[in-house]
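1. 3D, please:
(2 chains)
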Amino acid sequence: DAGVTQSPTHLIKTRGQQVTLRCSPKSGHDTVSWYQQALGQGPQFIFQYYEEEERQRGNFPDRFSGHQFPNYSSELNVNALLLGDSALYLCASSLLPVEGFYEQYFGPGTRLTVT
Amino acid sequence: GEDVEQSLFLSVREGDSSVINCTYTDSSSTYLYWYKQEPGAGLQLLTYIFSNMDMKQDQRLTVLLNKKDKHLSLRIADTQTGDSAIYFCAPSLKVSGGYNKLIFGAGTRLAVHP
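-> Residues are numbered from 1 along each chain as shown, chains lettered A, B, ... in the order given. The predicted model follows:
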């Protein structure tokens, strides 16, 4: 079982550009969540996808958008990159949460640097 | 509001017990999780506790929950150098629409020295 995989591992972009990050969930999982982890901080919830729809969203601007495909893999897109978008982007997969319980498996993350 | 606070740093001697503390503000948490992050890696779920419990033991790990004080702690017995990592407390909070999301603290960096 491959677990959660993310690509690319590292990425360097320039302010104003757009970026797409990819995630493949753990086998059998149908729910994908994305988090942003700034240096020295805990992960901040961006959004969650289930059945190809965004179920819930954190306090992130519309520049952050996502997609989930029929095979449950997911993409995170960020437009008009700002220096403050530099962070580790983590993808986590799980089964659909029930009454607050869900065992999320995290990928290794994509390190995005915006210059 | 949603807020989770942890002390930033803890240093212990190998073989001693480590206790990592966490306080949170939202009382609607149903499950509370502890995650571990090693350098350059994603987060690994260590253990969790349901909000109607006050203690859970899982091998070397003991989780204590004081729901009245909104205080959660993780005790690691016989701490080893391999336990050196950042530990995150993450209560699961109810949000609109009946969904839940995890709120992470800033993490406690545990350093284990010989």
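
2. Ends of stretch A:60-76, what's the gap?
-> One end of stretch A:60-76 to the other measures 12 Å (C-alpha to C-alpha, to the nearest Å).

3. likewise stretch B:22-42?
-> 21 Å.

4. List the buried residues in it.
-> B:22-24, B:29-37, B:42 (16 or more other C-beta atoms under 10 Å in any protein chain shown). Quick note: C-beta positions are derived from backbone N, CA and C, even for glycine.

5. Would you mind naming what in chain A lies close to chain B?
-> A:4, A:35, A:40-45, A:48, A:55-56, A:58, A:90, A:92, A:97, A:99-109 (C-beta under 8 Å from any C-beta of the partner chain).

6. what about the worst-scoring helix or strand of chain B on mean pLDDT and chain A, any contact?
-> Ranked by mean pLDDT, DSSP states H and E, the weakest helix or strand in chain B is strand B:100-102, scoring a mean of 81. Yes - on the criterion C-beta under 8 Å from any C-beta, strand B:100-102 is in touch with chain A at B:Asn100, B:Lys101, B:Leu102.

7. neighbouring strands for that strand, and are they parallel or not?
-> strand B:85-94 (antiparallel) (DSSP bridges).

8. Contacts made by the partner strand with the rest, please.
-> Contacts with strand B:85-94, where a contact means C-beta atoms under 8 Å, 6 or more residues apart in numbering or on different chains, come from A:42-43, A:97, A:100-102, B:2, B:4, B:6, B:20, B:22, B:24, B:26, B:28-39, B:43, B:46, B:72, B:74, B:100-105, B:107-110.
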